[in-house]
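Enquirer: Okay, sequence plus prediction incoming.
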Amino acid sequence: MANLLLEIENQIAAAKTDVRKENVGVIREIGDGVARIDGLSDAMLNEMIDLGHGITGLALNLDETEVGVVILGDYTQLEEGDEVRATGKLLQVPVGKGLLGRVVNTLGEPLDGKGPIQSDVAYPVEKLAPGIIRRSPVKQPMQTGIMSIDAMIPIGRGQRELIIGDR
Amino acid sequence: MKSTREIKREAKHLFRLCFVNGSLDEDRVRSVLQGILGSKRRGSLPLAGQFQRLVSLDRLRHTAKVESAVSLPPDLQANVQASLVRAYGPELNTSFADNPALIGGMRIRVASDLYDGSVKAELAALENSF
């Protein structure tokens, strides 16, 4: 116990606080799932905004004097005058093998009650697809089970297919 | 009837007319506001509201609010004020306030820029990291 106390004291003595500049704003209006925020002068398009109460927003409308943020969560917890912060990150979700067998929402947050997702890597939601050279070649056909489609339209496994037509 | 976009555009135009040598002139702001309200035309109230919002945002850009857990001594206040004026220009108005909820440290806000060195913020960051 004496060693533990000494270790704690040493860590406190060595602790350094660094002050970083953050970009903040104030909610001016909330309606139709969109929060209009005064401030956030350095917000980027599609940047994640921390609205507080564990709610994230997405900056989609960058005006000269305000930022329009789509609320990705329970908007009833937000009020006019709440302070919000820019996270500096574009909309991203955790990726990796920690997601296997888990139930998550659109932001990658767990819904199954099995604890947080174990992932060190996050990929942006809007990401450019790899170019043709980097992709694996399409080698196996894929049968849909619908004779007219399988007879007339060649579809391969892993292939991207464009579908045009009326609903 | 004017649309919201037209009102915003007109308010922005009137706001830009109130600048003299790069800074907002209060006399011009008063005369513009009197002109808007005195015209009594349709849309003058929303126009005045939008104009007021632009003026208040400009004031916020030139206002620094310094919050500390305990009252700062005058020399430290002067030091902080001098640093802020160096960073944001000579037109900055600095106000100091006590906020015991910060526990320790200082929190400075200038428009959208926030410098939070308070103990409360450190604890909140620590809590989020768990």
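Expert: Nice, thanks for sending it over. Numbers count the residues shown, from 1 in each chain, chains lettered A, B, ... in the order given.
Enquirer: mean confidence score for the top helix by length along chain A?
Expert: Longest helix in chain A by number of residues (criterion: DSSP state H): helix A:2-14. In this model, helix A:2-14 has a mean pLDDT of 79.
Enquirer: so how far is the next helix or strand after that helix from its chain's centroid?
Expert: Counting by DSSP states H and E, the element after helix A:2-14 in chain order, helix or strand, is strand A:21-31. Relative to its chain's centre, strand A:21-31 lies at 19 Å (CA atoms, centre = their mean, to the nearest Å).
Enquirer: List the strands paired with strand A:21-31, with their directions.
Expert: Sheet pairing of strand A:21-31 (DSSP bridges) gives strand A:34-39 (antiparallel), strand A:83-90 (antiparallel), strand B:113-116 (antiparallel).
Enquirer: Tell me which of the ones you listed sits most buried.
Expert: strand A:34-39 (a mean of 22; mean count of other CB atoms under 10 Å in any protein chain shown). (Each C-beta comes from the backbone N, C-alpha and C, glycine too.)
Enquirer: Would you mind extracting the C-alpha trace of the helix or strand that that one is followed by into CSV?
Expert: Downstream of strand A:34-39, the first helix or strand assigned by DSSP H and E is strand A:47-52. Extracted C-alpha coordinates of strand A:47-52, given in CSV (Å, rounded to 0.1, in the frame of the first residue of the first chain):
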residue,chain,number,x,y,z
GLU,A,47,-17.5,16.7,-39.4
MET,A,48,-18.8,15.0,-36.3
ILE,A,49,-20.0,17.5,-33.7
ASP,A,50,-20.2,16.6,-30.0
LEU,A,51,-23.7,17.9,-28.9
GLY,A,52,-23.3,16.7,-25.4
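Enquirer: does residue B:38 sit in a helix, a strand or a coil?
Expert: Classification of residue B:38 using DSSP: H, G, I helix; E, B strand; the rest coil returns helix.
Enquirer: low-confidence ranges in the chain?
Expert: Picking chain A for this. Scanning chain A for pLDDT under 70 picks out the ranges A:15-17.
Enquirer: Not quite, go with chain B.
Expert: In chain B (pLDDT under 70), the answer is B:1-2, B:130.
Enquirer: on that earlier part again, tell me the buried residues in the longest helix of chain A?
Expert: The neighbour-count check on helix A:2-14 (16 or more other CB atoms under 10 Å in any protein chain shown) flags nothing as buried.
Enquirer: thinking again about what came up before, want to try CSV for the strands paired with strand A:21-31, with distance to residue A:66 as columns?
Expert: CSV is the format used below for the strands paired with strand A:21-31 (distance: least, CB to CB, whole Å):
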stretch, distance to residue A:66
strand A:34-39, 5
strand A:83-90, 12
strand B:113-116, 17
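Enquirer: Out of those, which is closest to residue A:13?
Expert: Smallest distance to residue A:13 across those (CB to CB): 22.9 Å, for strand B:113-116.
Enquirer: what's in contact with the closest one?
Expert: The contact list for strand B:113-116, computed with CB atoms under 8 Å, 6 or more residues apart in numbering or on different chains, reads A:19-24, A:85, B:106-109.
Enquirer: again, 6 Å this time
Expert: The contact list for strand B:113-116 (CB atoms under 6 Å, 6 or more residues apart in numbering or on different chains) reads A:19, A:21-22, A:24, B:107-108.
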